[in-house]
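Student: Build me a model from this:
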Amino acid sequence: MAGSRLRVIGAGRAGRALALALAQAGWRVGPVLGRGADVTGAAAGVDLLVIATPDAAVSSVAAGIEPVETTVVAHLAGSLGLTVVTPHQHRAAIHPLVALPSPELGAERLTAGAWFAVAGSDRAAMEVAEQVVADLGGRAFEVADADRAAYHAAAVIASNHVVALLGQAERVAASVGVPFEAYLDLVRSTLDNVAELGPAAALTGPAARGDQATIERHLAALDPAEREAYQAMADLAYRLAHRGSGDPGSSDPTATDL
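Tutor: Reported below is the predicted structural model:
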């Protein structure tokens, strides 16, 4: 809520983006503590202390902070649970499900209706986490500690793996002199289809219609270094298209979609 006091440990993109966004939302935000800062008393005088360091450092940083009974200590790591911020009484996790490429652009995205995965060790911690999301105009969902690694894996698939696949599309297109930009409208319309219909109904292409001959032509045309990734994704597309059908020929092999 406006007037709440925040301190952030970690001067990377995520920590500074959150600090900027909450300052714009009316929080009282102290200077961000960077590498080498003395964090022993960092929990004093604030309502929320956020540890925005690399995941591997969260636990050791939390252990070096003197606990304050009234302060919620949170981290931003998607795959970590609440035990990493032990020994603090009120522990929270606030993971923005959005890419934060720079502090300034990240702050914009954090205040543009972003989704957040939250968790809290008790009601007080959960209320602060949910208030952060509300003040940013975001949407929250709760993820239990046992599920956070799988949740974060899905986030990596949805973001990082998509970018990696587009990198492959760019390489293959360049090999035949086609500009990558020509494919971007296809990507955008595909995402629109998924949003409207869901992944299974939005799927088109040779794997969806059981057209193995086209897949084999693709594999033969590709640089050997590109074939393993293509085959893996063709297998996933086939699995999606035919899940639960028990019928490899259930799609229309005469279809002319992509």
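Student: what about residue 94, helix or strand, and which?
Tutor: Taking DSSP states H and E as the criterion, residue 94 maps to strand 90-96.
Student: which residues sit against the helix or strand following that strand?
Tutor: As assigned by DSSP H and E, the chain's next helix or strand after strand 90-96 is helix 103-110. By C-beta atoms under 8 Å, 6 or more residues apart in numbering, the residues outside helix 103-110 that reach it are 13-14, 16-21, 24, 96, 98-100, 136, 138. Where you see a C-beta, it was placed from the backbone N, CA and C, and this is true even at glycine.
Student: Among these, which pair sits farthest apart?
Tutor: 24 and 99 (19.0 Å; C-beta to C-beta).
Student: And the pLDDT for residue 250?
Tutor: Predicted confidence (pLDDT) for residue 250: 42.
Student: mind listing the strands for the protein?
Tutor: Assigned by DSSP state E, the chain shows strands spanning 5-9, 28-29, 48-51, 72-75, 90-96, 115-120, 139-142.
Student: show me the contacts for the residue lying closest to residue 175 once chain neighbours are set aside.
Tutor: Among residues not flanking residue 175 along the chain, residue 223 sits closest, at 6.9 Å (C-beta to C-beta, 6 or more residues apart in numbering). If you count contacts by C-beta under 8 Å, 6+ apart, residue 223 has them with 171-172, 175.
Student: And residue 223, how far from residue 65?
Tutor: To residue 65, residue 223 is 51 Å away according to C-beta to C-beta, to the nearest Å.
Student: do residue 115 as well
Tutor: Taking C-beta to C-beta, one finds residue 115 at 28 Å from residue 65.
Student: So for residue 255, what's the pLDDT?
Tutor: Predicted confidence (pLDDT) for residue 255: 44.
Student: Residue 145 now?
Tutor: pLDDT, residue 145: 95.
Student: before we move on, what about residue 154?
Tutor: pLDDT, residue 154: 97.
Student: Contacts only, for it.
Tutor: Not one residue lies near residue 154 by C-beta under 8 Å, 6+ apart.
Student: Filter the contacts of residue 223 down to the ones in helices?
Tutor: Among the contacts of residue 223, DSSP state H puts 171-172, 175 in helices.
Student: For those residues, which single residue is the most surrounded?
Tutor: Neighbour counts for the ones in helices among the contacts of residue 223 (other C-beta atoms under 10 Å) peak at residue 172, which has 18 neighbours.
Student: Could you measure from that one over to residue 180?
Tutor: Going from residue 172 to residue 180 by C-beta to C-beta gives 10 Å.
Student: what's the answer for residue 152, then?
Tutor: For residue 152, the distance to residue 180 (C-beta to C-beta) stands at 29 Å.
Student: any idea how far the longest helix that the chain contains is from the chain center?
Tutor: Criterion DSSP H: the longest helix present in the chain is helix 224-242. Offset of helix 224-242 from its chain centre (C-alpha atoms, centre = their mean, to the nearest Å): 23 Å.
Student: out of the contacts of helix 103-110, who's nearest residue 160?
Tutor: Nearest to residue 160 among the contacts of helix 103-110: residue 99, at 9.1 Å, using C-beta to C-beta.
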